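A.B. asks: Here's a sequence, model it:
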Amino acid sequence: MRRSSVITIVLLVLVIIGLIVALVITNLPQKESVDENIVVENNESLEDEKQQEEIVEETPTSVSLDSQIVKDMYSLLSGQTQDIFHYLIKGNLTVDDLSNEYIQTIAYFNGAKDNVEKFDQIDDELRDGKLEKRYMDEAVKKIFGENVEYTPTYALVQSNDNARILRYDENDGVYYEYTGFGGGGDFGAYTAITKVDEYSDKYVVTEKLVTVRDSYGTYSVFPYYGTDFKFAYSLGSFPKSEIDNVEVTQDMYSNNEYNKKFISKYYDEATEYKHTFMKNADGTYYWLKSEIVK
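C.D. replies: As a prediction, this is how the structure comes out:
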């Protein structure tokens, strides 16, 4: 065989081997590269979804300040036990910060009191009313939620007063109401609700407060509720005769027109609170916390 023919055959064989090797390499599965891409894409997708969930916040609905729910919330927060909800030493308040007596005092003035029965008995003290414990239980759960527990003891005339207007009798299993308490001072907290936001699970109430001292024909105004009404400074003072000329310039709710006048006059300097009420499944709600935000 000629040398040229041998060379040709060898070249053909090499070409064929090269084609086979190339074909095999081309068809090998590239598992590592494909898997890495898939993992990266999946991780990025999950991270994007997580970030979107964190960014999206529920937009609340504004509740009309003329609605009954606002009036009821104001009655609870700024009624006879308003000092409990507004004198916040720590800047915030939950039911865990309330004593048994505070819980019963709030419940007494916000529901339980309506069920006091007439009861006349004069012994060492004058008792003129009787309240079954179940009514206290109902009021406590309505205001503070189903899971709140308390020990029956007594309710106070005011939270900063040692007088006990309602006392639990373990032997009889009922509360007895006492009389003979009264009095007051020349200081008062003036409050108004300025906004209520409704979420799917809660209400957030914004409220403003100033403390006013009525003395010798003059109103002296202070920005917050202080220890024993001792304040570092005042916001100002003016003759009582001028209060009728003060205009209410902001939208707010209070059951007293003077409250709105004082808040309007010192709107920016007033202490601002946020009160959170959680919703129950049946549409009712209960108080969760109060906090000073400004």
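
A.B. asks: Where does pLDDT dip in this protein?
C.D. replies: Flagging of the chain using pLDDT under 70 yields the residue ranges 1-56, 89-90, 121-126, 157-164, 180-186, 226-232.

A.B. asks: What ranges does it have for its helices?
C.D. replies: Under the criterion DSSP state H, the chain carries helices at the ranges 3-26, 31-55, 68-77, 82-86, 100-109, 133-144, 257-265.

A.B. asks: Check which residues of the fourth one are buried.
C.D. replies: Looking back up the chat, that one is helix 82-86. The neighbour-count check on helix 82-86 (16 or more other C-beta atoms under 10 Å) flags Gln82, Ile84, Phe85, His86 as buried. To be clear about C-beta, it is placed using only N, CA and C from the backbone, and glycine gets the same treatment.

A.B. asks: The third one too?
C.D. replies: Applying a neighbour-count criterion of 16+ other C-beta under 10 Å, one finds Val70, Met73, Tyr74, Leu76, Leu77 buried in helix 68-77.

A.B. asks: Next, format those residues as CSV and append distance to Thr206.
C.D. replies: Listed next are these as CSV, based on distance: C-beta to C-beta, whole Å:
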residue, distance to Thr206
Val70, 11
Met73, 11
Tyr74, 12
Leu76, 15
Leu77, 11
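
A.B. asks: tell me which of those residues is nearest to Gly145?
C.D. replies: Leu76 (13.6 Å; C-beta to C-beta).

A.B. asks: which ones are touching the nearest residue to the closest one once chain neighbours are set aside?
C.D. replies: Nearest residue to Leu76, sequence neighbours excluded (C-beta to C-beta, 6 or more residues apart in numbering): Asn110, at 5.4 Å. By C-beta atoms under 8 Å, 6 or more residues apart in numbering, Asn110 lies in contact with Ser75, Leu76, Gly79, Thr81, Ala139, Ile143.

A.B. asks: Please tell me I have it right and the fourth one contacts Phe109.
C.D. replies: Yes. The pair Thr81 and Phe109 passes the contact test of C-beta atoms under 8 Å, sitting 5.4 Å apart.

A.B. asks: rewinding a little: which one of the buried residues of helix 82-86 is nearest to Gly283?
C.D. replies: Phe85 (22.9 Å).

A.B. asks: Does the closest one touch Phe277 like I think?
C.D. replies: No. Using C-beta under 8 Å, Phe85 is not in contact with Phe277; the gap is 11.9 Å.

A.B. asks: Strands of the stretch 51-200 of the chain, residue ranges please.
C.D. replies: For the stretch 51-200 of the chain, the strands defined by DSSP state E, counting those that start in this stretch occupy 61-62, 92-94, 117-122, 126-132, 154-156, 164-169, 174-178, 187-198.

A.B. asks: neighbouring strands for the shortest one, and are they parallel or not?
C.D. replies: For strand 61-62, the paired strands and their directions (DSSP bridges) read strand 187-198 (antiparallel).

A.B. asks: mind listing what the residue lying closest to Lys260 once chain neighbours are set aside touches?
C.D. replies: Spatial nearest neighbour of Lys260, chain neighbours left out: Val248 (4.6 Å); criterion: C-beta to C-beta, 6+ apart. Neighbour list for Val248: Glu257, Lys260, Lys261, Ser264 [criterion: C-beta under 8 Å, 6+ apart].
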